[in-house]
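J.: Pasting a predicted model and its sequence here:
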6 protein chains.
Amino acid sequence: MTTVKVNGYTCKDGTQVTPEDFYFQGLASPSAASNTSTGAIVTGATVEKLPGLNTLGLSMSRIDYAPNGLNPPHIHPRASEIIYVLEGQLYVGFVTTAGKLVAKHVNKGEVFVFPKGLLHFQKNIAKSAPASVIAAFDSQLPGTQSLVSSLFGALPEDILVKSFQFKPKQVKKIKSRYQPKK
Amino acid sequence: MTTVKVNGYTCKDGTQVTPEDFYFQGLASPSAASNTSTGAIVTGATVEKLPGLNTLGLSMSRIDYAPNGLNPPHIHPRASEIIYVLEGQLYVGFVTTAGKLVAKHVNKGEVFVFPKGLLHFQKNIAKSAPASVIAAFDSQLPGTQSLVSSLFGALPEDILVKSFQFKPKQVKKIKSRYQPKK
Amino acid sequence: MTTVKVNGYTCKDGTQVTPEDFYFQGLASPSAASNTSTGAIVTGATVEKLPGLNTLGLSMSRIDYAPNGLNPPHIHPRASEIIYVLEGQLYVGFVTTAGKLVAKHVNKGEVFVFPKGLLHFQKNIAKSAPASVIAAFDSQLPGTQSLVSSLFGALPEDILVKSFQFKPKQVKKIKSRYQPKK
Amino acid sequence: MTTVKVNGYTCKDGTQVTPEDFYFQGLASPSAASNTSTGAIVTGATVEKLPGLNTLGLSMSRIDYAPNGLNPPHIHPRASEIIYVLEGQLYVGFVTTAGKLVAKHVNKGEVFVFPKGLLHFQKNIAKSAPASVIAAFDSQLPGTQSLVSSLFGALPEDILVKSFQFKPKQVKKIKSRYQPKK
Amino acid sequence: MTTVKVNGYTCKDGTQVTPEDFYFQGLASPSAASNTSTGAIVTGATVEKLPGLNTLGLSMSRIDYAPNGLNPPHIHPRASEIIYVLEGQLYVGFVTTAGKLVAKHVNKGEVFVFPKGLLHFQKNIAKSAPASVIAAFDSQLPGTQSLVSSLFGALPEDILVKSFQFKPKQVKKIKSRYQPKK
Amino acid sequence: MTTVKVNGYTCKDGTQVTPEDFYFQGLASPSAASNTSTGAIVTGATVEKLPGLNTLGLSMSRIDYAPNGLNPPHIHPRASEIIYVLEGQLYVGFVTTAGKLVAKHVNKGEVFVFPKGLLHFQKNIAKSAPASVIAAFDSQLPGTQSLVSSLFGALPEDILVKSFQFKPKQVKKIKSRYQPKK
């Protein structure tokens, strides 16, 4: 039997699928957010780990936050996002194309929406308690562009100097924290 | 200022939106599943309650299950669904167009996917503990067609007799449990 | 020359296509509806038989009905359907997500529409004459989920007992008519 | 109750729809093809006449052909088309973007496909018998651009002279048969 | 590493892409429009030459016109088009499905739009100066159907005679200018 | 006659459209880039100014750059972009979701592509000459989110401090350059 690929992923016949194709247990436990630079870690349940999502148009992830942890400003180029707070108290928001901040405190069990392609963030506002959310996306592979590391890890110094109106020395210093991808 | 409507729902300018447009707290607490006929109740966070979802292509709901509660076989005509188990132990599944059952036991923190337009169900397998899941959809208004009540509450007797090869008396008896919608 | 596959089906260059790729004669004659369990048989002209449909977003089928024949309640997960009555008198309908039956008698030459993902049926109301329709779909492979066999052929006994509020014995008896797909 | 409009057409709530919204009888009888300039007439069952088609993504029409009648070269800008021959013998075809004619004789009960946005035609090849087809489209309002009348009824003389390398006098003569739309 | 193909074109991982995948210099200089039959030549920057366009939903071309040159009536089956005049003075237009000509003189730096799937043309109205435009499309491979050559190069004589109400001798003469594609 | 609105914009009947609906002259001349903070200015030809674009899925803009001018890092949430260099020499690029810079020098007449939803920029590398590009988008209203002003004009101080690992004093100073939108 030939393997059919659609979108670069296997597409099984309806008689060949198994329950495991549509199942994922990797979101059950918190990941160690405290090891990350800003205290937040994302665990994805996208088509790469959950093959049954192929062609279905949605996916999930779990985000864990250390106390005061921040999922720093980022963008999903291919999806809107809706979060459900599993635990904790967060301050979350996005910025509209009109440059307006749309942000709110959300607590356990509450829901917030981040429209497609807009800069957004979530921050655990508890000083000693962790937090976690379940996020859903309208894409099987939403993609994530972390803005701070994309800006300072990837852009050339002169672009950053002019964009941020920082001094070259400042930019050099910030850039030194990031390893550019080659 | 004129109100713009898209898809029949208000579409605000990026300068007019408020955080409340993108926020919903109605999924925070369990609803009383034990009052329902099969012991399961769905609370939606669709565009009808969360106006910021308009044009974004996704939504959420919370499903609560009494002990042994069943979210009986149903279909979402406009969306695939992905669930995350908040609490409890469920047996969940769908049927492919090839007539194959794809089902599994899922526990707290696990994820399962139901492809668009296919018959599916979830059952709390605990005899005394409640269960709950968060479900996400790739539509701002997925719609739900409950199959048992659509069949026996809506279809004429002769169609049911022939479809199920039941006796007319049996069908009459089953139909008596449902109030047809006019 | 390499064969290009899109959606798992061959996608020919515009210089290589032949008229036969866009042609199908399998809907010209009635199929033997009287051999089927409910007296109706569907013959498809989808991308599987009509390769030129690949990427075009539509397909057709012919449905033949024995006298009193029923195309029992089913759902197409990926398409709406529009039928044209070739011959005979039918009673046809669908159930909305609001649980309302939308049904009508349709005669030769008349047209009826079944919205995407909703339960629908067609029944030949003539006691001695056959009937037939041409159905068109807005998908090259709409898929069909027969509800009665999906429910009773595929779902576990306890789900059916609870869903239909039937006795286990009744469910066992009904299930015995179906061979589960493995 | 406010009327919701989507795509400029009424969008009813699932509790308000009637069977008549999804029903059309205007394709049941042949229209008088012999009164038309080339012996073919199209009767549409699009969203304009069948309001239930709104948002569903498909529509139908019936085409009747006088003996030797021709549905002259035209294009549907928003849909592919699939035809089923109700009666008669036709020669039908389309031209690919590679300039290749893909054409075939089709008889009663046979099916042929015209890909979206490509020039196509159908001709009744019987000298004394009428013909008719049912056509389905993957758009609720496919639109039709008749090429001969668009070219000679709408385009300025100098464009036609240069395009066809005809003499101005010839173009004037041909144009005189068409009334430009204002 | 396996090559992933999507839509028949290579789809590289985000770590493997190069700037050259997203770059094209073939539109920088005019092509020799005066060698063509109507004095206009199209140079495409579609996915075939600019591989980074794959899955992105847009493409470009440059059109050069000799003095009096005409880009004769044609249709893009998969895209709308927007042009920006680089140089010169053009008369451009399209025909609506209502048969109405929508046309205008456009000069250097002006923009005009041709809706998807509609017959359109552009003509350099300068008698001695060349002209050029940049055209953008909402498809990575819009396709082009030249109407005059599709009609007279591809369609059979009898279809043309009846469509245009020309004499067979006239049609033969016109057809002799075109080489049919096989 | 009632005005039909689709997407919040007027949708005219094919008999009512005028050439002006599909025409725009606002991109013909350079805008004064030197008055802007980073030396670049964008002039849009979206559905807001070119009403004929409604429902067509594409739009254009012109970008003018002062010597050394920079169109600073930004994102279009609803569109990919393809640029054609009208004049000058630019250094342009985007960052992939893998954090890799994809950038190149482009000269007059060359084309470069920025995939949907990814951070990108263009910089005039000439010290004394202006530059300009024509950009096309696969959306009638692509939207633009300027990253520097969204970050420092809209986000709260503590989010910025933690995201950039700047000192609060530094963030305050940078923020003082932007007027938050309310």
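T.: Ah, there it is.
J.: So which residues of chain A form helices?
T.: Secondary structure of chain A (DSSP state H): helices located at A:147-149, A:157-164, A:168-175.
J.: Please indicate which of those helices has the most neighbours on average?
T.: Among those, helix A:147-149 has the highest mean neighbour count (mean count of other C-beta atoms under 10 Å in any protein chain shown), at a mean of 22. (C-beta placed from N, C-alpha, C; glycine too.)
J.: what about it, near chain F?
T.: Yes: Helix A:147-149 reaches chain F (C-beta under 8 Å from any C-beta of the partner chain) through A:147-149.
J.: Let me know the closest of those to chain C.
T.: Nearest to chain C out of those is A:Leu147 (C-beta to the nearest C-beta; 34.8 Å).
J.: Straight-line length of stretch A:113-126, end to end?
T.: Stretch A:113-126 has an end-to-end distance of 21 Å (C-alpha to C-alpha, to the nearest Å).
J.: anything in that stretch near chain E?
T.: No: using C-beta under 8 Å from any C-beta, stretch A:113-126 never reaches chain E; the gap is at least 14.0 Å.
J.: and that stretch, is it in reach of chain B?
T.: Yes: Stretch A:113-126 lies within reach of chain B by C-beta under 8 Å from any C-beta, at A:113-116.
J.: returning to that earlier point: could I get the helices of chain A as TSV with distance to B:Ile82?
T.: Converted to TSV, these look like this (distance: least, C-beta to C-beta, whole Å):
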stretch	distance to B:Ile82
helix A:147-149	27
helix A:157-164	38
helix A:168-175	38
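J.: looking at these, which is closest to C:Val161?
T.: Smallest distance to C:Val161 across the helices of chain A (C-beta to C-beta): 53.8 Å, for helix A:147-149.
J.: How many neighbouring residues does the residue in chain A that chain E sits nearest to have?
T.: Residue of chain A nearest chain E, by C-beta to the nearest C-beta: A:Gly8 (3.8 Å). The number of residues packed near A:Gly8 is 15, by other C-beta atoms under 10 Å in any protein chain shown.
J.: Just give the nearest non-adjacent residue to it, would you?
T.: The shortest distance from A:Gly8 to any non-neighbouring residue, by C-beta to C-beta, 6 or more residues apart in numbering or on different chains, is to E:Val4 (3.8 Å).
J.: For stretch A:56-76, measure first residue to last.
T.: 18 Å.
J.: circling back: can you tell me which of the helices of chain A is nearest to chain D?
T.: Going by C-beta to the nearest C-beta, the one of the helices of chain A nearest chain D is helix A:147-149, 35.8 Å.
J.: quick one: the closest one near chain E?
T.: No: if you take C-beta under 8 Å from any C-beta as the test, helix A:147-149 misses chain E, and the best it gets is 14.0 Å.
J.: That helix - what's its average pLDDT?
T.: Taken as a whole, helix A:147-149 has an average pLDDT of 94.
J.: Which elements pack onto it?
T.: Secondary-structure packing of helix A:147-149 (3 or more C-beta pairs under 8 Å, 6 or more residues apart in numbering or on different chains; DSSP states H and E): strand A:70-75, helix F:157-164.
J.: Identify whichever of the ones you listed lies nearest to chain C.
T.: strand A:70-75 (29.3 Å).
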